[in-house]
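>>> any chance you can model this:
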Amino acid sequence: LGIDPSTLIGKTLTCVRRSRAHPSVTLHFADGASFQVRVVGYDPHFRGVPKTLESDSPVLNPLSGTVDVRLTVKHAAMITLADKAFQVQPGRGVYDSAGSGVGRGARESRWTQRHAAFAIKFVEEGGWHCIWATLAEYDEKDVETCVFRNFADVYVDSLHPPSAAAPASAQAHADAASPHSRTASPAPKQAQKGQKPKRRAWRKK
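Sure, this is the predicted structure:
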């Protein structure tokens, strides 16, 4: 599914944009090519459990939703992460005075979920930049309480091939607000609520 991330090696990244409406991040390069990080199985018309792209990288997760850079790709690959997922089964007991929570007797199950993530490294910077996908649902009576958290695979796909004459700025390219469109995208979503499980070591697939 998608392209081999190693095809990005040697390209110069000039702009990164996150979509606010969909779980996608678009990468613009100096040669006019654009690629998008997407969630496997995501359908903009039938979204199911809310999905979000997460990253600990300021490059792949710009605070303003868009960041202009000039970074040469040294390595790029799909990797496998192992994270703790969980689900809370609501209890039949009494809720608190505000009607919040999942009730007494709630049961929680946890398991290790292996999932594909995208990792990239630049000539100008040390260390890897990684991005992955999460799925989360919250209690209907207490939106601060996460009752389900899991992880999904991501992949990288091509939006635009390299142009004959590279543009002066990646801003000339329209961001893809949807994984199936090329409409400009506004600012990104806020991060998912709830604490992210402790990250595990990853390996290349």
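>>> please count neighbours and contacts with C-alpha atoms only from this point.
Will do.
>>> centre-most residue in this structure?
Closest to where the C-alpha atoms of the chain average out (Cα atoms, centre = their mean) is L53, at 1.8 Å.
>>> contact partners of stretch 39-51?
Contact with stretch 39-51 is made by 22-24, 53, 133-137, 152-155, 178-179, as judged by Cα atoms under 8 Å, 6 or more residues apart in numbering.
>>> over to stretch 121-135?
Here stretch 121-135 makes contact (Cα under 8 Å, 6+ apart) with 39, 49-57, 59-60, 71-76, 116-120, 148-154.
>>> go again with 7 Å.
Residues outside stretch 121-135 that contact it (Cα atoms under 7 Å, 6 or more residues apart in numbering): 39, 49-57, 60, 71-76, 117-120, 149-154.
>>> please name the nearest non-neighbouring residue to the residue nearest to the centre of the chain.
Spatial nearest neighbour of L53, excluding adjacent residues (Cα to Cα, 6 or more residues apart in numbering): A133 at 4.4 Å.
>>> repeat for S163
Closest to S163 by Cα to Cα, 6+ apart is G32, at 5.0 Å.
>>> and the one you found, that one's in a helix?
No. Secondary structure assignment (DSSP: H, G, I helix; E, B strand; the rest coil) places G32 in coil, not in a helix.
>>> from I3, how far off is it?
In this view, G32 and I3 are 17 Å apart by Cα to Cα, to the nearest Å.
>>> can you point me to the longest strand in this protein?
Using DSSP state E, we find that the single longest strand of the chain is strand 66-89.
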